[in-house]
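A.B. asks: need a structure here:
(2 chains)
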Amino acid sequence: METLREAAARLQRGEVTSAALVDGALDAIEAREGELHSFLTLLDDARAAAEDVQKRRPKDAGPLYGIPYAAKDNIVTRGVRTTAASRILEGYLPPYSATAVERLDAEGALLLGKTNLDEFAMGSSTEWSAYGPSRNPVDPSRVPGGSSGGSAVAVAAGFCHYALGSETGGSVRQPAAFCGCVGLKPSYGRVSRYGLIAFASSLDQIGTLTQDVGDAAVVLGAIAGRDPRDQTSLDAPVPDYLQEISRGAKGLRFGVPPEYLAEGVAPAVRDEVLRAADLLQAQGLERREVRLPHTSYALDAYYGIAPAEASSNLARFDGMRYGPRAQEEDLIEAYRRSRGEGFGPEVKRRILLGTFVLSAGYYDTYYLRAQKLRTLLRAEFAAAFSEVDVLLTPTTPTTAFAFGANTADPLAMYMADALTIPANLAGLCAISLPGRPADGLPVGLQLMAAPLREDVLLRAAGALEEAVR
Amino acid sequence: MRDDKIVPKLAALARLRLEEGEAQRLERDLHVILHHVERLQELDLSQVEATFWPIQGDEGLRTDQPRESLPVEDGLGCAAELDGRYLIVPGMREDA
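C.D. replies: Below is the predicted model:
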C-alpha cells in the first residue's frame, strides 16, 4: 500500500480525491475484512465526510488532510461507539473525543472506523476481545498480536493509511512486529492521554501504526505536545520529525544489549537482529557494547504494577454511569453482577491480581518492590544512553503464534511482551519496524531511545528501514 | 499466596461476581503469576527508592479558574437510569 505521504502528494497534485481514497479503503475492507476482523465499528458517513473535506480543502493543507485513518477502540470518539472491546461498555457513545483524535481532526484527517483490541488493551493477541479476535493478514491462522491488533491488521492489510493504537507494555510494537508494519511508542508524556481509556496510567501512551517510518514521523508530529487536559503531558518542543529523518543517521551510536538476545528468543529472530546491527554499521552508525542486567526482571515488575493500576482504573466500570446494568435490588449486588458479567477472563484476572498486590500485607512484597525495580531499570537505561543514542533489539521473542497457543497459559502470553515492557516501565520512546521475514512471517526490529528523543529514534529507524529494504 | 479463600476475598473487594469454577481457575492463574513476580525477592532493593511515574519533576498545577467543561447532561447521557441531574441506583441492603 502507498504511504500516507504518497497519498498526500497525489491529493495535492489533484490526481486523486479523498472520496476515492475512502472508496479504495472500503473496497479493500470489503474484500478481506470478513476474514480478518480488524474493525469493531466502521463509520457510515466516512465517504460523505471525505467529500466534505475535499470541498473545503485549503491551499496549505497538511499531509494528513483528507486521508483515512483508524483508531483503536479504547480511544474515545465523540458520538462514535467506543467499546474497549468489552461488554461492560456496550452501547457507550462518548460525549467527547480524545485529544489525539481532535488533533487529527484539526489536520483534516478522516476517521474511517474503530479497531479491535484485547479487552481494555489487556492482551497480546486480540483473543481477549469480547467481539472475537482479529486475524493476521500475512497468515490468518496466526494471531495479529495485541492489544492494538486491529489497528496493525488494518494498516498491514491496506485498509487504511495509518492507525492509532495504544501501549501499556508493547501493545503497538508487538502487533506491528507480528503483522509487518511500523509501530511507534512515543515517550511517556509526549502524547496526551486525554480520552485514552485508562488501563495503567503510569504506563499508557497513544502510539501509531504506519506503513513506514516517515509516516510515523508525520502522525507523531500531529498528535504530540502538551495538553492542558492531561497533567502528565510534557511541555517539550516537538521537532519536525520528517526533517530529522532526512538528516540521516551517520555518526549515531548504537548498542545491542545481549540480555535481549538471551534464552527464549527464536534463533531466526536473533539472527535478523544481528544482521540489522551489521546493516546499521554499514550505514555509518558506530556500535558500542552496552549491558542492561536487570532486563529479565522487567516482566515481573510489570505484573506487580500494571494490574494494580488497572484494578484502580477499572473501578469506575460499575454499570451505573455507562454500559449495561444488572437488575438487582441491592447496590453492591448490582455492582458485582454488572462487573462479573461485563468483564472477560483476562480483565478479571488482572483486577484480582491488582487487588491482591495492593492489599495490606502484600503491598511491600509485590507492588513496592516492582516500583523499586523500575528505578533500577531507569538507571540502567540512563547509563546506556550516555554511551549510545539508540538500542537495537528484537521486538518480540518469536514471530506470530497460532490461535489458542497461549490462551490457557497466561504467563506464556505475557512473555510475548517481555522485550517491549522495559521501554514502558522507563518511559522511553521505541519503535518496531519490519526486518527480513522468517519462514514467511514478519520479524520486528526494535529501536529504543531516551525519553523525548524521538528525533534520534526516527533518524536511526529511517536508516535501518532503508538498509533492510 | 497459599490461602484457598483468597480469590473469593479479592473478588468481594473488587466487587466482582465469579461463576462456578471461575474462582478455582483464577486461583491457579494468580498463583502461577505471583510466583513469577516473586523473583523480585532475589534482589536487594532495600536502598532503592521507588519510581511511581516515569517522568520526574513538577509539571505544575493548573490555575484554579473556571474553564469550559463537559455539560452535565452529556456526561450523564449513557447512564442506566437518571432523575434529572441525578443517577438512580439500587438501594443498600442493611444486612449486606
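
A.B. asks: can we go C-alpha only for contacts and neighbour counts from here?
C.D. replies: Will do.

A.B. asks: what's the spacing between A:Ser201 and A:Leu377?
C.D. replies: According to CA to CA, to the nearest Å, A:Ser201 and A:Leu377 sit 19 Å apart.

A.B. asks: repeat for A:Ala130
C.D. replies: 34 Å.

A.B. asks: now A:Leu196
C.D. replies: On the measure of CA to CA, A:Leu196 and A:Leu377 end up 26 Å apart.

A.B. asks: do the same with A:Asp300
C.D. replies: In terms of CA to CA, A:Asp300 sits 12 Å off from A:Leu377.

A.B. asks: need the pLDDT of B:Asp3.
C.D. replies: pLDDT recorded at B:Asp3 is 67.

A.B. asks: how about stretch A:61-78: buried residues?
C.D. replies: If you call a residue buried by 16 or more other CA atoms under 10 Å in any protein chain shown, then stretch A:61-78 has these buried ones: A:62-77.

A.B. asks: farthest-apart pair in these, please.
C.D. replies: A:Gly62 and A:Asn74 (26.4 Å; CA to CA).

A.B. asks: give me the distance from stretch A:435-452 to the chain's centre.
C.D. replies: Stretch A:435-452 sits 14 Å away from the centroid of its parent chain (CA atoms, centre = their mean, to the nearest Å).

A.B. asks: quick one: mean pLDDT for that stretch?
C.D. replies: Average pLDDT, stretch A:435-452: 98.

A.B. asks: if we can go back for a sec, just the buried residues of stretch A:61-78: which are in helices?
C.D. replies: In helices, defined here by DSSP state H, there are no members of these.

A.B. asks: identify the residues contacting A:Val53.
C.D. replies: A:Ser18, A:Tyr65, A:Gly66, A:Gly108 (CA atoms under 8 Å, 6 or more residues apart in numbering or on different chains).

A.B. asks: can you pull the pLDDT of the second one?
C.D. replies: Spelled out, that is A:Tyr65. At A:Tyr65, the model reports a pLDDT of 98.

A.B. asks: shouldn't it be in contact with A:Arg103?
C.D. replies: No. Look at A:Tyr65 against A:Arg103 with CA atoms under 8 Å: they stay out of range, at 11.6 Å.

A.B. asks: in contact with residue 4, which residues?
C.D. replies: Picked chain A for this. Contacts for A:Leu4 (CA under 8 Å, 6+ apart) come out as A:Pro63, A:Leu64, A:Ile67, A:His161, A:Tyr162, A:Gln211, A:Asp215.

A.B. asks: correction: the question concerned chain B.
C.D. replies: B:Asp4 neighbours (CA under 8 Å, 6+ apart): B:Glu27.

A.B. asks: sec struct for it, please.
C.D. replies: coil (DSSP: H, G, I helix; E, B strand; the rest coil).

A.B. asks: distance of it from chain A?
C.D. replies: 14 Å (CA to the nearest CA, to the nearest Å).

A.B. asks: give me the phi and psi angles of the residue most central in space within chain A.
C.D. replies: Nearest to the geometric centre of chain A sits A:Val172, at 2.1 Å (CA atoms, centre = their mean). Backbone torsions of A:Val172, given as degrees, to the nearest 10, read phi -100, psi -50.

A.B. asks: ok, it touching A:Ser166?
C.D. replies: Yes. Contact criterion CA under 8 Å: A:Val172 and A:Ser166 qualify, at 6.0 Å.

A.B. asks: shared neighbours of those two, anything?
C.D. replies: Between them, A:Val172 and A:Ser166 share these contacting residues under CA under 8 Å, 6+ apart: A:Ser147, A:Ser148, A:Lys185, A:Gly207, A:Thr208.

A.B. asks: quick one: low-confidence ranges for chain B?
C.D. replies: B:1-3, B:57-60, B:94-96 (pLDDT under 70).

A.B. asks: moving C-terminal of the lowest-mean-pLDDT helix or strand in chain A, what's the next helix or strand?
C.D. replies: Every helix and strand in chain A was compared by mean pLDDT, DSSP states H and E; the lowest is helix A:410-414, with a mean of 87. Next in sequence after helix A:410-414, counting helices and strands by DSSP states H and E, comes helix A:421-426.
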